[in-house]
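Visitor: Just to be clear, the model below is a prediction. Sequence and coordinates:
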Amino acid sequence: MNPENEIYTLIDRISNLLKSEARTLGSELGLQSVQQDTLYYLSICNRYSDHLIALTAFLGLTKGTVAQTVKVLESKQLIKKEKDLVDKRVTHLLLTKEGEKHIQETTPPSRFLSTIDSLSKKQKNDFVDQLRKCLVTYQNFNNLNGFGVCRNCVYNIEEEGHYKCGLTQDGLAEDDIKKICVEFE
Ligand code: SF4
């Protein structure tokens, strides 16, 4: 097998194992993997990205499927909807306390965490670097931006220890810059 095929096979296999473990953990609450993925996304995205359009783009599914997923999670009281205080056209999708608890207990899945914990700090940092470069290049080939971590975004401005978004001009807290954003570039 050539290196390209081997890398593809390894990433695909890890992805399938992750999905399988997540499915097992989610099944305790009767959740399908797309519902588990939605909860995880909402736990790591920022306030510009917690709406249906961004969620649909992240999951790469149809709007109808994602709307149905949101409905199920709402009925299980794992997420709630909240109108934006400034722009009433925007509805935020937020984890409830129960949703947060479920994600904290299940994601990333424990067997995956044990696997990654067996790597040294340097190996983990090198791994992150390689994967990030691979993702950015792949996104560029697909003409897709977005969903990077805010602190690495070209619009992220740091002034005397404070952060600001150059796109929206909003101030960003320490917690904000650790999250992923649909507007990331
Ligand atoms: S700096 Fe970039 S990633 Fe952060 S909120 Fe602004 S657009 Fe999003």
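Guide: That came in fine, so what should we check first? Residues are numbered from 1 along each chain as shown.

Visitor: quick one: the helices in this structure?
Guide: Secondary structure of the chain (DSSP state H): helices located at 3-27, 33-44, 52-59, 63-75, 97-106, 110-117, 121-141.

Visitor: give me the low-pLDDT residue ranges for the protein?
Guide: Scanning the chain for pLDDT under 70 picks out no residues.

Visitor: can you list the domain ranges for it.
Guide: Listed by automatic domain parsing, the domain ranges of the chain are 1-118, 120-185.

Visitor: just so I know, which of the ones you listed lies nearest the ligand?
Guide: domain 120-185 (3.1 Å; CB to the nearest ligand atom). Yep, even glycine has a C-beta here, placed from its N, CA and C like the rest.

Visitor: check contacts around the residue nearest the centre of the chain.
Guide: Centroid-nearest residue in the chain: Y41, 3.7 Å away (criterion: CA atoms, centre = their mean). Residues near Y41 by CB atoms under 8 Å, 6 or more residues apart in numbering: 55, 58-59.

Visitor: Need the residues you listed in CSV (columns: neighbour count and distance to the ligand).
Guide: Shown next, in CSV, are the contacts of Y41 (neighbours: other CB atoms under 10 Å; distance: CB to the nearest ligand atom, whole Å):
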residue, neighbour count, distance to the ligand
L55, 23, 16
F58, 20, 14
L59, 15, 19
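
Visitor: Closest one to S118 out of those, please.
Guide: Minimum distance to S118 across the contacts of Y41 is 29.1 Å, recorded for F58 (CB to CB).
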